[in-house]
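Peer 1: Any chance you can model this:
(chains A, B, C and D)
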Number of protein chains: 2
Amino acid sequence: MNNISKEDYLSVIFKFQNRNGEIRPKAIAQKLQVTQAAVTDMLKKLAIDNYILYEKYKCIRLTPSGEEFAINMVRRHRIWEVFLQKVVGMPWDKVHEEAHKLEHSSSDDLINRLEVLLRYPEFDPHGDPIPSKEGKIPKIKKYLPLSDLKEGESGTVVRVNDFDEQFLNYLTELGISLYEIILVKEKRNFDNSLMIQIKGKQWNISQKLAENIFIEIKKVKGA
Amino acid sequence: MNNISKEDYLSVIFKFQNRNGEIRPKAIAQKLQVTQAAVTDMLKKLAIDNYILYEKYKCIRLTPSGEEFAINMVRRHRIWEVFLQKVVGMPWDKVHEEAHKLEHSSSDDLINRLEVLLRYPEFDPHGDPIPSKEGKIPKIKKYLPLSDLKEGESGTVVRVNDFDEQFLNYLTELGISLYEIILVKEKRNFDNSLMIQIKGKQWNISQKLAENIFIEIKKVKGA
DNA sequence: TTTATAATTTAAGCAGACTTAAATAAAAAA
DNA sequence: TTTTTTATTTAAGTCTGCTTAAATTATAAA
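Peer 2: Got it, this is the predicted structure:
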């Protein structure tokens, strides 16, 4: 009856697979905060359901039907996120967690109706693309982690990682949100921390933080 | 972690308790479509959690904390129903089932925000009152089942039972919805079926159907 | 009051999704 | 290549919410 766990496993596999479509069991365990034994257990079941290809000690990959399933879960999640931000006015940093609960408890019909209500949004509040009903995923613009920018470069925030509420909260404090323009004033080599400018204010941020903010570069000073 | 079952049990106990606040285990089993053994099992757990008063072979009743919990579940359910109908435009007969899933997966914060968005609705699409954040339940107008009306009597639909999708679907076909006016043209004694008039059309309906529609009487012919 | 019927509980067991601890395989380091 | 470390799997067991079947208690009928 209850598919919540399977849904979560498939979402995580989809979201964190590498460019070759593969993922290690350990990564799944870390993302879901369960033991590796639990993962092994579930992987066997998912393989029986024909959602994944599974061979002992090998990397996991989704079957076409597993991918379809996972993409639909991602779609649900992101449509709920847009809804929660745009219609309900829920703050940025709360949206992910709430959507995570709702994604397991809504019919496809409801999701499709929300999509219409929201006028077919292409990206969620963190800049992640929303798959269409048919499973097509909007192309996202090329972007770099903010940590890759050099001194003097600037660009637009097009995506941020969404898995940490505290992180998003901190971004809000700094005034960093989607489509804001950030300029790298200084970059310190010894710890890779950055001095950035946003909305006329300057902030010092760690490399760690900068790695989770993604930028579309607009212009390069002196290039 | 997962409270879905407990939430369902408490909701059912609240919704189907009699005027004295009591309910039999068997009724719970029927409403939830589980065996009575499962109910006994859960009742013990609910008693340990101090949500109900439970003595073997006796009627069940909610404790104050159980009632508070249950009222909050009812609130969630009904706010979702209003939302699904008013904002999403989901048809009457689909709303109950969808809300039933969502009620278990939303934070109080989200429910409160939806309530504001909907401008503090007092009744759900089936005419059931929506408890406030503080647990206060709006007074509902006095009403009778349509089956109690006599020939020539008419009144306004103020509530319908919401637990059967087919039933609601049928009401839609007949043009029966909240706040419509129904006139009883004829009542046949042998099967208690009724000939009713609504929106200028006449329909013959069974007693069973009429028992699930609730009417606030407007005027009595010849009284 | 006794008997029959219905409601409730107990007992045993199952399935799902976990856990810990031990065993095994693969990858990395020496 | 051998050793060490890390990843993965297996085994055994837990907890929750159910099930069926049997036993018990309460209620209604005779």
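Peer 1: May I ask you to name the longest helix in chain A?
Peer 2: helix A:64-86 (DSSP state H).
Peer 1: Name the residues of the next helix or strand after it that are buried.
Peer 2: Using DSSP states H and E, the helix or strand that follows helix A:64-86 towards the C-terminus is helix A:92-102. By neighbour count with 16 or more other CB atoms under 10 Å in any protein chain shown, helix A:92-102 contains the buried residues A:W92, A:D93, A:K94, A:V95, A:H96, A:E98, A:A99, A:H100, A:K101, A:L102. All C-beta atoms are positioned from the backbone trio N, CA, C, and that covers glycine.
Peer 1: what about helix A:92-102, near chain B?
Peer 2: Yes - using CB under 8 Å from any CB of the partner chain, helix A:92-102 reaches chain B at A:K94, A:E98, A:K101, A:L102.
Peer 1: Break chain A down into its domains, please.
Peer 2: Domain segmentation of chain A under automatic domain parsing yields A:4-62, A:72-139, A:144-219.
Peer 1: and these, which one's lowest on average pLDDT?
Peer 2: The minimum mean pLDDT among the domains of chain A belongs to domain A:144-219 (a mean of 93).
Peer 1: count of neighbours near the closest residue to A:S65 other than its chain neighbours?
Peer 2: Closest residue to A:S65 apart from its sequence neighbours, by CB to CB, 6 or more residues apart in numbering or on different chains: A:N50 at 5.8 Å. A:N50 is flanked by 11 other residues according to other CB atoms under 10 Å in any protein chain shown.
Peer 1: Quick check: phi and psi on A:N50?
Peer 2: Backbone torsions of A:N50, given as degrees, to the nearest 10, read phi 70, psi 30.
Peer 1: quick one: contacts for the residue of chain A found nearest DNA strand D?
Peer 2: In chain A, the residue that lies nearest DNA strand D is A:K26 (2.8 Å; CB to the nearest atom of the strand). Going by CB atoms under 8 Å, 6 or more residues apart in numbering or on different chains, A:K26 touches A:Q36, A:V39.
Peer 1: Where does it sit, in terms of helix or strand?
Peer 2: For A:K26, the element it lies in under DSSP H and E is helix A:25-32.
Peer 1: Just the CA atoms of that helix, as CSV, please.
Peer 2: Extracted as CSV, the C-alpha positions of helix A:25-32 are listed here (Å, rounded to 0.1, in the frame of the first residue of the first chain):
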residue,chain,number,x,y,z
PRO,A,25,24.6,2.2,-2.5
LYS,A,26,26.6,4.1,0.1
ALA,A,27,25.6,7.4,-1.4
ILE,A,28,22.0,6.4,-1.2
ALA,A,29,22.4,5.5,2.4
GLN,A,30,23.9,8.8,3.2
LYS,A,31,21.3,10.8,1.4
LEU,A,32,18.4,8.9,3.0
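Peer 1: Could you give me the buried positions within it?
Peer 2: For helix A:25-32, burial by neighbour count (16+ other CB under 10 Å) applies to A:P25, A:A27, A:I28, A:A29, A:K31, A:L32.
Peer 1: Please report how far the first one lies from chain B.
Peer 2: Here the distance between A:P25 and chain B works out to 22 Å (CB to the nearest CB, to the nearest Å).
Peer 1: May I ask you to confirm that A:L117 is in contact with B:V87?
Peer 2: Yes - between A:L117 and B:V87 there is a contact at 7.2 Å, judged by CB atoms under 8 Å.
Peer 1: coming back round to it: now for the residues of helix A:92-102 next to chain B, which pair is the farthest apart?
Peer 2: A:K94 and A:L102 (12.2 Å; CB to CB).
Peer 1: need the contact list for the residue nearest to A:E68 when sequence neighbours are not counted.
Peer 2: Distances taken as CB to CB, 6+ apart put A:G135 closest to A:E68, at 6.0 Å, once the chain neighbours are dropped. The contact partners of A:G135, by CB under 8 Å, 6+ apart, come to A:E68, A:I71, A:N72.
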